[in-house]
Structures are given as structure tokens and as C-alpha cells.
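Student: any chance you can model this:
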Amino acid sequence: MRRTSPGASLLLVAVISQACATGVSELVHVPAGSFVLGQRGGPEDQGPPHLVHLDAFRIERTLVTVDAFAAFVRQTGYVTTAERRGTGKTAILGMDDWQWREVAGVSWRAPWGEANARYIPLRGDMPVTMVSWIDADAYCRWRGRRLPTEAEWEYAMRAGATTRFPWGDEVVPPDRRPRLNRWEGKTHHDNPASDGWIYLSPVRSYPPNSWGIDDPVGNVWQWVADWYAADTFARDLALHPDGVHNPRGPAQGTFKVARGGSWWCSAGTCHGYGLVSRGKTRPEASFSNNGFRCVADTR
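Tutor: This next block holds a predicted model:
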């Protein structure tokens, strides 16, 4: 899927050290190249397949953590949309499969509410959640970075793979080693947690993809820069049959795209984990399974 010059190998994927003491993620260099975005035979908004050409960029190795977001809040006094609104959407073990509750008093500090804080502990090295697209964009801008485009996100998470997951087409690989945090119960009334976690997992709990990027899928839905449209891929193919360069998505819309799935997604419900599913929600919405990572342009 990735097409680069012969010298563009893992040697190009250099990890650039950042201020680790504040929890800010390292940046991984992603080389310029081309890949096929979209699939045949899936939901309408996941196709058609079309060629995408991308310039080089750098992407954060991990999802933005609670500790990193806390540093942002301490230094800026930023108040998230959930805190301003006073509510956010959350879900816990025992709820019906599609039942998300609007809960008062939730925040990035307590994404399941204060009453559940002692039963669902939140660690500083877990991805920050209960952050809207607006909050994620504000954090990345403060860091001197930006949210990835949808194409950049998938290209980086694939790391050259052409399969449904970075390691193959099956959610559980042949070696039976868990590779992502997902919901394993047949319904949301049960979760055996053989992957080690019921809710969020720390950002380096599983092996990274072949470019050294952690949590390429699962754990939390990852906000990207693009507005959502069901026909985005079809329009790009029609306008650029030989390949679209650095696509940015529609100029406007109602929903923002999120990718990668989350701890709440399972084979029995949303099927959202993996490299091809396109999530969408309003940019002001806040959920306990939405997070993000930032990118930086190369100079």
C-alpha cells in the first residue's frame, strides 16, 4: 500500500525526543509516500478505494495523555466544552449496547463521573477523554502542532500494512497476544477483559505498529481534522483519478471524523475498531471514549 523510494524504510522513522517530563508525546517521522485509502464492499462512506499522495509529516507516538492535558490546563487555564456545558456522554459496564448517558459533572478529570471515580480509576498515562474536537484542536495548537488529516492518520497507523489491522486481518493474531483495547463481551453487560482492561488502557500497553506508533487502533476514537461527508472518498476519486495530494476533506460540515475505534467497540456492537471504520460526531461533543493525538509539519 505504501509507495516510497527504495531508501524510504524504517530508517526514516526516527523518534524525536520531546519534553517527556510533562507527558508530551514523542514525535515519529512519517516519510512521504502514497497509499490506497478506502475499501470495496463496506459501508458507503468507507469507499471507493482511491490513491492518496502525502508529504512527510511527524505524528505523536502516543495518544495525548491525562498528564499532558493537565499540563496544558495548568499553563493556560483552559476549560473544556464538557466543563462549560456541565455534562458529557459516558458509558459503563452493565449498560445496554447503544445506550450512552448524558451525565452531569463529568470532565477529563473524571470521564465517568465523580461517583464512579473510585471504581474506574484514571491514571496519568491513560489517554485523555471527555475532550471535544474543539478541545483537541486547542491543545494541538498550544503545542505548536495540529490534528492529523484523516488520510495522514490512516497512512501513519497502517505503517505500510494493507490489512484491516496493522498486524493482519483478524483482531486476535495467530500468537493470541492482545494488540488492542476493545470490548470483548457479547454485550456490554459482560467483559472478560482478557486484553487486560475493561475501560481505558495506558498508552503503551500493547505492541506499537511497525513504525513505532502506539495504539494505532482501539482504546479511544481519535479525532482528526476533517469534516465528515459520506461521499468524501467518492468525490476525491472523481476529481483526482490519478491520486489526490494531501486531501483535507470537505470545507465545512456538521460532524468531525474520528478514527480507530475504542474500548467500547466490540464485534457484537459497533465493530468500530480497525483501520477502515469512519466515526463521526459533532465537534462540541464529549465522550468517555474519544481522544486524540497531534501531528507536526516537517521543516
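
Student: switch to C-alpha atoms for all contacts and neighbour counts from now on
Tutor: Noted.

Student: strands of this structure, start to end?
Tutor: In the chain, the strands defined using DSSP state E lie at 15-16, 27-30, 33-37, 50-54, 57-60, 87-90, 101-104, 221-227, 244-245, 256-259, 278-281, 290-291, 295-297.

Student: tabulate those (TSV), appending mean neighbour count and distance to residue 132.
Tutor: Output for the strands of the chain, formatted as TSV (neighbours: other C-alpha atoms under 10 Å; distance: least, C-alpha to C-alpha, whole Å):
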stretch	mean neighbour count	distance to residue 132
strand 15-16	16	27
strand 27-30	24	23
strand 33-37	20	26
strand 50-54	21	27
strand 57-60	24	19
strand 87-90	22	10
strand 101-104	16	14
strand 221-227	26	8
strand 244-245	16	28
strand 256-259	25	10
strand 278-281	19	9
strand 290-291	26	8
strand 295-297	19	17
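
Student: show me the one of those that comes nearest residue 164.
Tutor: strand 33-37 (11.9 Å; C-alpha to C-alpha).

Student: sorry, back to before: could you dump the strands of the chain to CSV with mean pLDDT?
Tutor: Shown next, in CSV, are the strands of the chain (pLDDT from 0 to 100):
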stretch, mean pLDDT
strand 15-16, 35
strand 27-30, 97
strand 33-37, 98
strand 50-54, 98
strand 57-60, 98
strand 87-90, 95
strand 101-104, 92
strand 221-227, 98
strand 244-245, 98
strand 256-259, 98
strand 278-281, 95
strand 290-291, 98
strand 295-297, 97
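
Student: quick one: closest of those to residue 72.
Tutor: Closest approach to residue 72 among the strands of the chain (C-alpha to C-alpha): strand 290-291, 15.0 Å.

Student: for residue 216, see how far away the closest residue to residue 212 other than its chain neighbours is.
Tutor: Nearest non-adjacent residue to residue 212, counting by C-alpha to C-alpha, 6 or more residues apart in numbering: residue 61, 6.9 Å away. Look at residue 61 and residue 216: by C-alpha to C-alpha, to the nearest Å, they are 9 Å apart.
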